[in-house]
Each structure stands twice: as C-alpha cells, then as structure tokens.
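K.L.:
Starting from these lines, generate the structure:
(chains A, B, C and D, ligands or ions: 8)
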Number of protein chains: 4
Amino acid sequence: MKSAVFYGKHDVRIEEAPQPKVGADDVLIRIAACGVCGTDVHIFEGDKGAADVTPPTILGHEFSGIVEAVGDNVKDIAVGDKVCVDPNDTCGECYYCRNGIAHFCEHMTGIGTTTDGGFAQYCSVHKKQVYKLLPEASLVACAMAEPVACCLHGFDMCDVQPGSVVMVIGGGMIGLIMVQLAKIAGAHKVILLEPVAVKREMGAKLGADLCIDPLSEDVKAVLAAHHVGRINAVIECAGLKSTIAQAIDLAGKQSTVMMFGLTKPDDEVPIKPFEIFQKEVVLKASYINPYTQTRAVDLIQSGKIDVTSMVAEVCSLEKLKEVLADPALRAKGKYIVDPWMA
Amino acid sequence: MKSAVFYGKHDVRIEEAPQPKVGADDVLIRIAACGVCGTDVHIFEGDKGAADVTPPTILGHEFSGIVEAVGDNVKDIAVGDKVCVDPNDTCGECYYCRNGIAHFCEHMTGIGTTTDGGFAQYCSVHKKQVYKLLPEASLVACAMAEPVACCLHGFDMCDVQPGSVVMVIGGGMIGLIMVQLAKIAGAHKVILLEPVAVKREMGAKLGADLCIDPLSEDVKAVLAAHHVGRINAVIECAGLKSTIAQAIDLAGKQSTVMMFGLTKPDDEVPIKPFEIFQKEVVLKASYINPYTQTRAVDLIQSGKIDVTSMVAEVCSLEKLKEVLADPALRAKGKYIVDPWMA
Amino acid sequence: MKSAVFYGKHDVRIEEAPQPKVGADDVLIRIAACGVCGTDVHIFEGDKGAADVTPPTILGHEFSGIVEAVGDNVKDIAVGDKVCVDPNDTCGECYYCRNGIAHFCEHMTGIGTTTDGGFAQYCSVHKKQVYKLLPEASLVACAMAEPVACCLHGFDMCDVQPGSVVMVIGGGMIGLIMVQLAKIAGAHKVILLEPVAVKREMGAKLGADLCIDPLSEDVKAVLAAHHVGRINAVIECAGLKSTIAQAIDLAGKQSTVMMFGLTKPDDEVPIKPFEIFQKEVVLKASYINPYTQTRAVDLIQSGKIDVTSMVAEVCSLEKLKEVLADPALRAKGKYIVDPWMA
Amino acid sequence: MKSAVFYGKHDVRIEEAPQPKVGADDVLIRIAACGVCGTDVHIFEGDKGAADVTPPTILGHEFSGIVEAVGDNVKDIAVGDKVCVDPNDTCGECYYCRNGIAHFCEHMTGIGTTTDGGFAQYCSVHKKQVYKLLPEASLVACAMAEPVACCLHGFDMCDVQPGSVVMVIGGGMIGLIMVQLAKIAGAHKVILLEPVAVKREMGAKLGADLCIDPLSEDVKAVLAAHHVGRINAVIECAGLKSTIAQAIDLAGKQSTVMMFGLTKPDDEVPIKPFEIFQKEVVLKASYINPYTQTRAVDLIQSGKIDVTSMVAEVCSLEKLKEVLADPALRAKGKYIVDPWMA
Ligand SMILES: NC(=O)c1ccc[n+]([C@@H]2O[C@H](COP(=O)([O-])OP(=O)(O)OC[C@H]3O[C@@H](n4cnc5c(N)ncnc54)[C@H](OP(=O)(O)O)[C@@H]3O)[C@@H](O)[C@H]2O)c1
Ligand SMILES: NC(=O)c1ccc[n+]([C@@H]2O[C@H](COP(=O)([O-])OP(=O)(O)OC[C@H]3O[C@@H](n4cnc5c(N)ncnc54)[C@H](OP(=O)(O)O)[C@@H]3O)[C@@H](O)[C@H]2O)c1
Ligand SMILES: NC(=O)c1ccc[n+]([C@@H]2O[C@H](COP(=O)([O-])OP(=O)(O)OC[C@H]3O[C@@H](n4cnc5c(N)ncnc54)[C@H](OP(=O)(O)O)[C@@H]3O)[C@@H](O)[C@H]2O)c1
Ligand SMILES: NC(=O)c1ccc[n+]([C@@H]2O[C@H](COP(=O)([O-])OP(=O)(O)OC[C@H]3O[C@@H](n4cnc5c(N)ncnc54)[C@H](OP(=O)(O)O)[C@@H]3O)[C@@H](O)[C@H]2O)c1
Ligand SMILES: [Zn+2]
Ligand SMILES: [Zn+2]
Ligand SMILES: [Zn+2]
Ligand SMILES: [Zn+2]
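P.N.:
Numbering: from 1, shown residues only, chains lettered A, B, ... in the order given. Ligands and ions are numbered 1, 2, ... in the order given. Modelled structure (predicted):
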C-alpha cells in the first residue's frame, strides 16, 4: 500500500509498505480521509513537547474509511461498514486509568504517533477504537471526529448554558468548531475574535453573532457598542501568549477561561492573580478527547457541526509533504489527505 | 383601574380598584399582557397545595408592560420603558436565604399571590423585581419570562450537553418550552411524547426530532425503530402519575428524570428502587425560578425561545373568568390577558 | 486447593479444586480473607435480580491475600506482596465504556460471580484488578476495600461538605462505613437510625453524633430536641421500602436521598412527587464501585475507616455454608472467610 | 463609646464616639472581640486595591459580641444573645444579585469598610447580617466566623473528597484553617509548606500529616520520600508570586490550584499554559464568603475548626494601632481586639 512514513525531522517519505496485519481483535480500514493536524506538523518539525514518535512511523490520527477486513473476534463491525477512529488507547491499570482520568494514562498509545496511522491506504485498528458510521455518512466530515471530540472535552468544561455569553478567540478549524458548539449549546451571544476577514465571515456563517478583528478594532469598544455584558466563557483557540492574556482580561465575573490553544512548551504568560481573584475567573485547559468521541460522531453525522466548510483541500499523500512543510498553505484552512488520490 | 379580584374559590370579580401606590423604590407598570398559569387555576379552584392567597387579591404573576411612573429611588428604569417582572421576592435573612437557596425563603412573597398582581391595568412592583426590555421587545412574549425562567431552572438541573438525547413528556406550554431548550442546548435528538396531534406538530415545528403519541403508539418500538439509544434526560411536563412512571422506565443509564410537571399534593407514584439502582437514574424536581430570569428574558428577546406560537388567545379581563373556569378552553393553549382590551 | 463451589440454589460444596492457572498478565493470590456479602447470599438463595452466576463457580469477591506467583507481563507486583482486588472488569469497547460510565459495561465480568472468586485458597486475577498494599496492612481490613469503594461511589454522589448534616439509615456494615465517611467528610452532625442497640453503640463509637432507634423513638421529635435543622443528605442503608419513604420524608430542602440499600427487584415504594418538588429533593442510587478502589484502599490502610470493628467472626470455608444459610448468624455482623483456617 | 477611627493612611485615632443608632431592623451589639485582618492593614497602609473606605470610619469586620438592644422588627434575636456577624451586604437588584453571584454585587456594602465596624465598644448591624450563637459559645472563636466562611468558600471550590491529597502553602491563620478543613473533609494526606518552625508545629497539631519547610528543604524530595503521589488540590495561602508558581508546579493531574492568598494588585506571575494543559490543572481564586457563614459558625461552635490556637494576643483598642503598624508584631499570630480592655 502507499504510505507517508515519518523518518525524522523534516523527513517524510512516500513509500510502498506492506498492508498491516489484522489481529483477531482488529479492523482493517481502507482509509478514505485523514486530516493534517497541528500535532503532525509539530512532529514533522521535531518540536519539543510534541508527541513522542519513534521513526519510522506512519503519521495521521484523524481518519475514516471503509472496513476492508475484520479479525475473528470482531462482531459488531463488518466489511463494507463506514467507520472512523479514536486514535488514543489506555492501559486500564495505571493509577490514572484506575481513578477515572484515563486520558492521563501512563501507557497511552496513539495511532499515528506510537503506532502506524492514517497517512496510508490502510490502517489496522483495534476494534475498541473503531466507531461505526451511518451508511450515508460523509467520510471527509467524519475524519474530523477526533478534533471535534477534543473540542467537546474542552467545551464541556466551560459550563455553557442556554443564555450564556461565549467568546472564542481564533477562527481556525478549532475555533470555528468551538463557535458552533457554543451556538448549539444555546449561547445567547457568540463572539469571535479573528484577524483574518475570510475566517470572520466563516465564523458569522457558522453562528457567531459578533465577529471582531482584534488587530484593527478596539475590542472592548465594540463589545460595549453591542451591549455585551458579562462574558461567561472565553475559549482561547489561537495558542498565543497575547490572546491568553486577552482572554483573562475580557472574561466576566465567575467565568471560565479555557486555554484550548497550545502554546510552545516553554511559553510563559504573566497573569495577575489579583485580577483572577476579583473576578473569580477559572482558568482551565483541556487535554485530548476522553469519552467524547460518540457525541462527536453524532453531532457531525446529524449535521449539527459543520467541519467541511473549513477544509481548504482534499489532497494526495504527495501533497501532504508540502502541507507539512508550508505554513502559508496551512493558513488556507484544513487539509485532508485522500491516500487513494493520484 | 379595571382589575380582576379573587375573593375565594370560584369567585373572581371584575372591579374598579384604585391605582396602586408607588413607593420610593417602586415602579408603576401599565400592564400590557399577563399570562394565565396553572397556579392561577389552582388558586381559583381552591386546591390544596396551591399558593396561599388571602382574598381579596388581584392574581396574575406572569406579566409585562410599560412604565407609567417611578419612585424617587428608581434610577435605572424610566417612564416609557418596556419591562417584565419576576414575581417572587425573598427576605434575605432566613436560613435558606443565608445559605444560597433563597427560593426556599421562609418569608417568600409573590406578586399575584401574596400581593396584588397583573390581572389589572396597573401594578406597582419593587424595582428589584423589574426587568427592563429592549424598545423593540414583544410584550406578549416577554410576559412569559417567568415560566421560561422556571423551565430554565429545571432544565439546568438536567445537565444536557451538546450531543445528549432528551425526551420531553407532555407538549403543553411548558413541554414545548423544554423541547426548545433541549434543542438550543445542542441535544442530538429531542423526543416529544404528547397525545394531541396538533401539539405534536407544534413540537416538531419547534425542534423535536421525533414526536410520539404515547396513547396510540408503542413508545419503545418507535424509539427502537429510530435507533434511539440511551436517553440522557427525561423531562416530565404532564404532571401525571403514569407519565412519571413512564419517565423512569424510559430513562437511560446515569440519566436524569426531571419531574417538572406538578401532580396533586397527595398523588403517589410507585417507584422501583431496584430499577433506579440498576440505571443510576437521578430523580429530581424543580421549584420555581431562582436566578434564571435574566437568561429567560435574553432568550425570549433574541427569538431563541418561541413562546407565542402556543398562545391560544390574547383576551380581556372579562374572558379571564371563563378561562379560569373552563378546562376545555385552556386545552386550546396559553391564554394571555390584556387588561386594556374591551 | 480447598474451595467453596456454588452449584446452584442452596448448594455450596467444599471441594478440592485445581490451583488456578496463571496467565502472562495474571497474579496468583494466596487468599487470606474473603468477606461474605449480601450478593453472595442472594446468589446462594437463587434470588431474582442477583448477579448472574453459571455454576459451578467459586463465589467471593471481597478479598485480599499474598502474591504466590505472577505471570511474565506483571512488573509492578511481586511474589510476597500483600494485595487486594477490584472484582469488576469492563470491556473497554461498548457504548458505556466509551462514554465514561464503564460500570454499566455491557460485558462486565466479575471475579466471584462470572469467574471463580475468593472462597478458595487461591485465586488468579488479572494484574489490572490487583491493588498492592503496604507491608504492614491488615489483610482482613483490606479485604473490605470493595465494599468501601462501593460506599465511596455512593457517598461521592451525596455532595457532603464540611458543615453538612447527614443522616444514615441502617447501621449494618454498610451503614457504619457511611457514618464514618460522613464523619471524615466534615459533617457537622451525623445521625444514625438503627433499631439494634449494639449497632447504635458501634455507630456512636465510629462517629455518629446522634443515634436513634426508629422503632421505639419518635425520630422527628428527637431531631427537634437536638436542634437538627435541614438535613443535607440522607443515606439509606437498610434496603427497606419503609426506610426509603422515611428518607424522603426526613430529607431537607435541596438535599440528596441516596438509596444505597438494595430492595428486592420488584419492590415498589410510593413516592409523592409533590413532596420532592416542594423540597427539591434529589433521589439517587449508587451502582458498584467505579474508580473508587484506590481511595478505599488508602482510607482503610491509613486507619481513617474502621472496617474490622463490625466483623463478627473470621471463619473457615466450612462455616461459610452456615453463614450463607442462616440470617440469624449474619445479623451478628460481618463474616470473613479465612480459607486456610481448619 | 470608645472607638478606633480611621482618618487616612497611617492615621487611626482612639476616640469617644456616640453610641450607634439602632434602626427598626437593627441589632446593637456590645462588641466582645474583633479580629485584625490583612484587609485592615491594607486600608491602614493606604494600599491600592484595598477596600474603598471613606474616612472617618471605624474599621473591623470580624467580630462578635452580646446583644445590647434590638429594633422593633427584630424577632429572632434578643437582648443578651451572643452573636457574630457577616459584614457583607448586597443590593438584591443588580445583575450579579439577580444571577446568583451576589458576592459580586455592584453595590456591596461592608461593615468595617463602607460603614462603621467592630473596633469600637458597640456596633449597630442589620438583623440579616447577625448570626445567633449558642449560650456557651466562645466569643473570641466566633469572631473568626467571617475568615472561616471565606476559607469555606475557597475550600468548597477545591472539590476535596475523602481520600484526596491536599497541599496547603502558608501556615498563617488562613493556611491553618485550610489545613483543618482539608483534614475534616477526609483528605488522605494533608501537606503543609511553611517556613516558620512554630507554625509547622501548629500545623501538625491541627492535622497536617506532613509539614515541610520550603526554604530549607527540597519539597519534591520530601514528597517522594513520603510516597506522596498525585496531589488533588493545592491551596495557596501565602499570597506570594513564588508560591503560586510553586503551587502549579506541584499540582497533580486534573487537580485544583486555589490561589487563596492575595498578591498585590499589580503582581504578575508567569504561568506556562503548556504545563496547565499537560496536567489539566484548574486555576481558581476565591472571593469573600458567599453563603458559607452558617456552616462556619457551626464548625467553630462544634469545635471542628480551632481558630484560637493561632491567636497571638487579645488586646486593647490602644494596642490595635501598634498591631496595624508593626508587621513584626503581626508575624506572631492573629490579634483580636477587646474594646473593653483597658
Ligand atoms: N487542547 C487540545 O486538545 C487541542 C486539540 C486540537 C488543537 N488544539 C490547539 O488549538 C489551537 C487552534 O487550532 P487550529 O487548528 O484551529 O489552528 P489555526 O488554524 O492555526 O487557528 C488559529 C487561529 O487563530 C488566529 N489568530 C492569530 N492571531 C490571533 C489573534 N491575535 N487573535 C485572534 N485570533 C488570532 C489565526 O489567524 P491567522 O490566520 O492570522 O493565523 C488562526 O485563524 C492550536 O493551538 C492547537 O494546537 C488543542
Ligand atoms: N416546576 C415548576 O416550577 C413548574 C412551573 C410551571 C409549570 N409547572 C407544571 O408543568 C406542567 C405542564 O404545564 P403546562 O402549562 O404545559 O400544562 P398543560 O398545558 O396542561 O400541558 C400538559 C400536556 O401534557 C399532555 N399529556 C396528557 N397526558 C399525557 C400523556 N399520557 N403523555 C404525554 N403527554 C400527556 C397534555 O395533553 P392534553 O392536551 O391531552 O391534555 C398537555 O399537552 C404542569 O403540571 C405544571 O403544573 C411546573
Ligand atoms: N449500592 C451498592 O453498590 C451496594 C453495595 C453493597 C451493599 N449494598 C446494600 O446496602 C444495604 C446494607 O448492607 P449491609 O451489609 O450493611 O446490610 P445489613 O447488615 O443487613 O444492614 C442493614 C441494617 O439496617 C437495619 N435496619 C433494619 N430495619 C431498619 C429500620 N427500620 N430503620 C433503620 N435501620 C434498620 C438492620 O438492623 P437489624 O439488625 O435489625 O436487621 C441492619 O443493621 C443492603 O441492602 C445491601 O444490599 C449496596
Ligand atoms: N480569598 C479570600 O477571600 C481571602 C480571605 C482572607 C485572607 N486571604 C489571604 O490569605 C492569605 C493568608 O492570610 P493569613 O492571614 O494567613 O496571612 P499570614 O499570616 O501572613 O500567612 C501567610 C503565611 O505564609 C508563610 N509564608 C511565607 N513565605 C512562604 C513560602 N515561601 N512558602 C510557604 N509559606 C510561606 C508566612 O510565613 P512567615 O511567618 O515567614 O511570614 C505566613 O505564615 C493572605 O494573602 C490574605 O490576604 C484571602
Ligand atoms: Zn493507564
Ligand atoms: Zn428568606
Ligand atoms: Zn464495556
Ligand atoms: Zn447587587
């Protein structure tokens, strides 16, 4: 099969690889779509703090496809089924697994990081990580189940209720999912801060009531002009030091600031504890996607979350190398690899 | 001013009454719309368990209007403003007020129950119970802020998240508000059980994905046919013994059963603790509207909750007597009194 | 090895059985202590609703011992270690496992129910279910980790805070653990209702501030005499219809009623929804021990929870048959089997 | 009456003042004990960020006494009763009061800050702020109800459960209350970091399992030596930039860091969002004492929280000036003013 193998920093090669083995508990998936994620870029760049990958490895952890074969113990999934995956698996026996926070498992494995992933024509996945889709499901959309599941985990921590006021900072793929989650969670007002006009337009289309360019507009003045009072949750999705500080500054009394965007491992943001105190702001972050994959699949399949409008291009494995290497390309939107595309 | 005064069981009289006095902290409201609520009917019927009313009293606690005059201490509300009210006020000093559950205040007062209410041309209300509306607000819709606020309190306890599956039993005014709250809270599926076809149609229009007639259809079979799996919350809004039992029966594992509908004070429902145990169902009820009035007003004014489609008629004070006396009339939908209507 | 094998209703036989096999992931435990639990009695009695057991099976799921041998993959546990077990294991792939409520796993297995358990001299247990103890740990006490873990799960749902008022109904093994949990959670007052004088004395010794005989005393009068105001949580541990009704009756405003005791599967308790409404009582039940085993072990080992004062007798496998058959015996307190006792 | 009147920065004068008027809703309290709090010092120092005080004002907000007279509307409190107070009162009508977070009231008033307080022989207090004590209550201890109530509010946010591991940084009055709250909430281990030996000893006496000198010991090494694993909550009570950073560093996965200590308004602490992300640490602060005063009084009166062991001296109004001016004096422990002491 054709595959994109990571050999080390800046070294991804398109190679023929043997089709993966299918154990008794495994599902062999003919990959239809695999998203290119920031994590892939961090690995490609050899960044400190990125997931630990021992080359050679096939990257790619946001994927969907059609079942090609199943092992003997697989009962609920059949050849021909559309499926997507949760790439993360836990050991079930470490302290964290035993104490209900399994996403901190000491022996976590990840498809596309610790084992071969979705930037290939096939991938073999343990049945417990496979999610069956509806026959009419869009495989490109459902490849996004993992990022949506991550967003759900973070969003759940924000305690948004019908009538809440929610601000999202950053209108990339993640920010635009958060805008939609806030909208479908009944937020009275959803405000998006994003410097790029076309992303603000997309944000407005996807449900933001108010889109502000934080670089050229006076955010507080615009908020005041639109009678935005207490903001109940600020969800930071840009991953910048400045936007985290801004999130705390704009957050209302007894609100949540969700630092969903990832800064560099050593980045430091100066916070004023006195400001946190005066507002009882709760500062949180969200780590991967525990227990949210089913809901993510449901929300995508029912069309409640649009994950394809932000897709810049469905591209070939060959183009993947360019996408990993070129930030300008990635700025255009989300890239999805179809490993069968010529 | 013209008013409808309650003198005792089945005795409501339309009378001229003096315009209410306006204290230094009061707002005199020229009533535009006042909803007829089940509580009013219970009082009219002299039911045990209904709010304590010492006649003669003007009933009516769901109302809105235009400010006619304000007392000296009223700063933020001006003559001509559109407003609605929260009828309930608390003492601030009893055990419950001091411990953060003020809606159980030992000295609770209620406009339209312990003091004169909205079935009259004017009502004088302490400024702390008055909510200012937008100039363009619909006064009929905003008269419904109190029932929406009650629903929000109950709904908040149901822990509905984006992707949850929610069932509402009973498609009256309250059930249809709950259907909408579930929808705008991101429920993956909203299921309505309601025997009357026209109410099911309204439910579907307002967001229910699946409407079932529980009297003529096999509910479990219909759910199975529509692949409805675990139901995360069942919100009972019919107030019947049978529907409460049904709610527990249909509830999924670790779900919430919200008994929002009110049974008669002595009604008993037999529950099986073993069933509660096997599913870890959490059985709750919701008492009035603590701290939810602002969000209710916001959701109504922004059009996120439709409260006027269920209105059967905006009627006169004279007709109020008929409405209170005649269940067949009330079955047609919500009645709203306009005390200025001839 | 010597073992007590369940062959069907009222048929438990003491037999020689082969020592269990030790797979690569298994730990062979030389059993030191195994508690006799209500579940064992229900199975012995052939009760409907009891755990499904396919005879012949060695019962016993509350146990501890010393490691006799370990499989090749076992790294953190060594021969000679003191250990106890969590008998329940989940599949990791069903809907419930995927959605964070794994204790409702569709393929749950249980040591001592679906597989051979602790009423034998040895038991082989998958390493993920084995908890390592301190060298100085009491093996009799630590055999009680599973019931304490169950209690913790139920107790966690009661939202007890420093300053809460907690009532426990029933002073058996479970009720006395709950009394202690309430005490160590900072309850301002812990009240125990229990008809048997010696159990009330034990309750008082273990931390109850007020012990009432519900059969001969007027509970409400005693509460009033002791100035007990709002009760924040009532934890029912008798498993009777009457005590569940009593729990709801005595519960305060916005309190939790935890139905921890198990009634018979078909037992029905009539509840008044109007009473639930007027108090916003939250009615809950608790299902087994998800994610609480580590804390249970810690609390027992550190002496914060006393589980041995309620032990009637540490007995032999032979005596187990009598204990299972004779309620009068069991009324004396908890029985612990030492399978090496002659 | 004799009183200590604040006239401005560093200017507190002991003066004769008229006995305060007693309105119809007021309770005149003959002050027995009034604590000197950090807030009083900040006001005395004219610090930015301290409570707004318009001189001349009698400071002192942590007090208790005996009822000397009551207004006509006061029913539940009688002359001769022992009482303490909650100094804070809210307007009941601003956005925050209406939305259940009244401690952010826009028109908050405070006895001892916006109105005359407890550093005087008498104080007149609205009945809703007065808490009746038991006849046998210690008035010195109950003067500490307000700081204990503040601590309870912060502690409640930490989600400590029986079996949790809790670290407290700073062993002053506040830290030692937090140590006790952690202990009575069932913490498996309570760890105190405090540089002063005598305070560590007091911490150990009040329940800390492990007391570490953070200046001379290697904290992580000591924790490792004592097999302290995941810390569930770190409660910072020193109010220093360095200890806040340390709190985040030592916090376990999915733990809470409560920044209870107050830094200077402009103090900045550099945090690493990536570290917050990798651990899902939740960073919080706690603002005053909403709804916790009743529980504080209960816990003090029942002896569950010891607030007198940390008292350095019960002193006269004259000595108050020294205490406010001299940090060395305050380092000895808590000062309580008895305005009747010569
Ligand atoms: N916590 C988790 O589990 C998790 C999971 C997935 C992703 N993430 C993180 O989420 C973040 C967002 O991911 P993404 O894929 O959406 O990345 P992205 O496409 O780079 O989106 C970031 C967006 O922020 C915008 N931005 C830049 N400066 C800004 C400013 N000053 N104010 C507001 N917006 C600004 C960017 O605009 P430009 O076009 O001008 O750059 C871009 O649109 C990343 O940091 C990623 O690592 C976290
Ligand atoms: N907790 C609170 O704070 C609060 C506040 C307000 C209201 N409530 C309560 O909420 C409940 C609903 O109020 P509402 O104004 O909407 O009353 P409603 O108009 O009487 O609505 C009840 C609905 O339930 C339907 N129903 C009857 N039998 C049913 C069955 N077997 N299955 C499903 N639905 C059935 C009724 O249909 P038909 O047309 O056939 O009768 C009706 O449409 C009342 O009990 C009210 O007291 C509670
Ligand atoms: N939810 C779970 O996960 C879970 C786990 C374990 C156990 N359980 C259940 O917890 C319950 C308690 O277990 P256990 O081992 O402690 O049982 P137990 O020893 O039978 O204790 C029940 C106690 O309740 C007392 N009692 C009887 N009538 C009473 C009354 N009217 N008022 C107050 N107390 C009364 C009994 O006294 P006498 O001595 O007079 O009988 C006995 O002391 C059982 O129902 C068990 O099935 C549940
Ligand atoms: N959030 C609220 O509502 C609220 C309410 C009340 C108080 N507070 C705040 O709580 C904090 C504590 O109050 P307090 O009255 O207990 O003050 P305190 O008596 O000054 O206590 C602070 C303690 O921290 C110790 N400390 C100094 N450096 C330390 C270090 N590196 N590591 C560990 N401990 C260190 C101090 O020791 P030394 O003796 O060496 O100085 C002192 O014992 C203050 O910041 C106060 O403003 C907050
Ligand atoms: Zn693990
Ligand atoms: Zn009250
Ligand atoms: Zn499972
Ligand atoms: Zn206010």
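K.L.:
would you list every one of the helices in chain A?
P.N.:
With DSSP state H as the criterion, chain A has helices at A:38-44, A:95-98, A:139-142, A:145-156, A:173-184, A:197-205, A:219-225, A:241-250, A:273-279, A:293-301, A:317-325, A:327-330.
K.L.:
would you list the ones you listed in JSON lines and tack on mean neighbour count?
P.N.:
The C-beta positions use only the backbone N, C-alpha and C, and glycine is treated the same way. As requested, those are arranged in JSON lines below (neighbours: other C-beta atoms under 10 Å in any protein chain shown):
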{"stretch": "helix A:38-44", "mean neighbour count": "21"}
{"stretch": "helix A:95-98", "mean neighbour count": "19"}
{"stretch": "helix A:139-142", "mean neighbour count": "22"}
{"stretch": "helix A:145-156", "mean neighbour count": "26"}
{"stretch": "helix A:173-184", "mean neighbour count": "28"}
{"stretch": "helix A:197-205", "mean neighbour count": "17"}
{"stretch": "helix A:219-225", "mean neighbour count": "14"}
{"stretch": "helix A:241-250", "mean neighbour count": "19"}
{"stretch": "helix A:273-279", "mean neighbour count": "21"}
{"stretch": "helix A:293-301", "mean neighbour count": "24"}
{"stretch": "helix A:317-325", "mean neighbour count": "18"}
{"stretch": "helix A:327-330", "mean neighbour count": "13"}
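K.L.:
Distance check, the nearest residue to A:Val27 once chain neighbours are set aside against A:Cys97.
P.N.:
What sits nearest to A:Val27 in space, not counting adjacent residues and going by C-beta to C-beta, 6 or more residues apart in numbering or on different chains, is A:Val130, at 4.7 Å. Here A:Val130 is placed at a distance of 20 Å from A:Cys97 (C-beta to C-beta, to the nearest Å).
K.L.:
again, but for A:Asp89
P.N.:
Look at A:Asp89 and A:Cys97: by C-beta to C-beta, they are 11 Å apart.
K.L.:
just A:Ile31 next, same as before
P.N.:
A:Ile31 is 29 Å from A:Cys97, where distance means C-beta to C-beta.
K.L.:
A:Ala50 too?
P.N.:
If you measure A:Ala50 against A:Cys97 using C-beta to C-beta, the figure is 23 Å.
K.L.:
Check what pLDDT the most centrally placed residue in chain A gets.
P.N.:
Centre of chain A computed as the mean C-alpha position; nearest residue by C-alpha atoms, centre = their mean is A:Pro147, 2.4 Å away. Per-residue confidence for A:Pro147 comes out at a pLDDT of 97.
K.L.:
now A:Ala342
P.N.:
88.
K.L.:
for it, what are its contacts?
P.N.:
With contacts defined as C-beta atoms under 8 Å, 6 or more residues apart in numbering or on different chains, the neighbours of A:Ala342 are A:Ser316.
K.L.:
what does A:Gly117 give?
P.N.:
A:34, A:57-61, A:63, A:87, A:111, A:123.
K.L.:
from what I can see A:Val160 touches A:Ile231, true?
P.N.:
No - checked against C-beta atoms under 8 Å, the pair A:Val160 and A:Ile231 is beyond contact range at 11.1 Å.
K.L.:
any idea how far the closest residue to A:Asp338 other than its chain neighbours lies from A:Leu240?
P.N.:
Nearest-residue entry for A:Asp338: A:Val314, 5.2 Å, with adjacent residues in sequence omitted and distances by C-beta to C-beta, 6+ apart. For A:Val314, the distance to A:Leu240 (C-beta to C-beta) stands at 29 Å.
K.L.:
same check, this time on A:Glu106
P.N.:
To A:Leu240, A:Glu106 is 31 Å away according to C-beta to C-beta.
K.L.:
okay, the two: which has more neighbours?
P.N.:
Neighbours were tallied for A:Glu106 and for A:Leu240 using other C-beta atoms under 10 Å in any protein chain shown; the higher tally belongs to A:Leu240 (17 against 11).
K.L.:
Let me see the contact set for the more buried one.
P.N.:
When contacts are counted by C-beta under 8 Å, 6+ apart, A:Leu240 is found next to A:261, A:263.
K.L.:
Let's see the pLDDT reported for it.
P.N.:
Predicted confidence (pLDDT) for A:Leu240: 97.
K.L.:
who touches whichever residue of chain A sits closest to ligand 8 in this structure?
P.N.:
Scanning chain A for the residue nearest ligand 8 gives A:Lys253, at 11.6 Å (criterion: C-beta to the ion). If a contact means C-beta under 8 Å, 6+ apart, then A:Lys253 has A:230, A:279-280, D:96, D:101, D:104 as its contacts.
K.L.:
Isn't the residue nearest to the centre of chain A up against A:Val36?
P.N.:
No - A:Pro147 is beyond contact range of A:Val36, at 11.0 Å (criterion: C-beta under 8 Å).
K.L.:
and chain A, which residues reach ligand 5?
P.N.:
When proximity is defined by C-beta under 5 Å from the ion, chain A lies next to ligand 5 at A:90-91, A:94, A:97, A:105.
K.L.:
which intervals of chain A have sub-threshold pLDDT?
P.N.:
Counting by pLDDT under 70, chain A contains no low-confidence range.
K.L.:
Tell me how many other residues surround the closest residue to ligand 3 within it.
P.N.:
When C-beta to the nearest ligand atom is the measure, chain A has its nearest residue to ligand 3 at A:Gly100, with 16.6 Å between them. By other C-beta under 10 Å, 14 other residues sit near A:Gly100.
K.L.:
Give me the nearest residue to the residue in the stretch 1-150 of chain A that ligand 2 sits nearest to, chain neighbours excluded.
P.N.:
Among all residues of the stretch 1-150 of chain A, A:Leu134 sits closest to ligand 2, at 29.6 Å; criterion: C-beta to the nearest ligand atom. Of all residues not flanking A:Leu134 in the chain, A:Gln301 sits nearest, at 5.6 Å (C-beta to C-beta, 6+ apart).
K.L.:
And the one you found, how far from C:Ile177?
P.N.:
Using C-beta to C-beta, which is the criterion applied here, A:Gln301 is 45 Å from C:Ile177.
K.L.:
Could you do A:Glu194 as well?
P.N.:
Counting by C-beta to C-beta, the gap from A:Glu194 to C:Ile177 is 54 Å.
K.L.:
what do you get for A:Val140?
P.N.:
Separation of A:Val140 from C:Ile177 (C-beta to C-beta) stands at 53 Å.
K.L.:
What parts of the stretch 101-250 of chain A come near chain B?
P.N.:
Within the stretch 101-250 of chain A, the positions lying close to chain B (C-beta under 8 Å from any C-beta of the partner chain) are A:152, A:155-156, A:161-164, A:181, A:184-186, A:188.
K.L.:
From these, pick the one nearest A:Ala4.
P.N.:
Comparing those against A:Ala4 with C-beta to C-beta picks out A:Leu152 as the nearest, at 28.2 Å.
K.L.:
number of nearby residues for the closest residue to that closest one other than its chain neighbours?
P.N.:
Setting aside the residues directly before and after it, A:Leu152 is nearest to A:Thr292 in space (C-beta to C-beta, 6+ apart), at 4.0 Å. Applying other C-beta under 10 Å, we find 28 residues neighbouring A:Thr292.
K.L.:
Identify the residues contacting stretch A:323-340?
P.N.:
A:1-4, A:10, A:12, A:31-36, A:40-41, A:44, A:60, A:118-121, A:140, A:143-144, A:173, A:307, A:310-317, A:319-320, A:322.
K.L.:
Report the contact partners of A:Gly100.
P.N.:
For A:Gly100, the set of contacting residues under the criterion of C-beta under 8 Å, 6+ apart consists of C:290-291.
K.L.:
where's it relative to A:Asp86, distance?
P.N.:
Here the distance between A:Gly100 and A:Asp86 works out to 18 Å (C-beta to C-beta).
K.L.:
In the stretch 151-300 of chain A, which residue sits nearest ligand 6?
P.N.:
With C-beta to the ion as the measure, the residue in the stretch 151-300 of chain A that lies nearest ligand 6 is A:Gln254; the distance is 22.6 Å.
K.L.:
so that residue touches D:Ala102, yeah?
P.N.:
No - with contacts counted by C-beta under 8 Å, A:Gln254 stays clear of D:Ala102, the gap being 10.9 Å.
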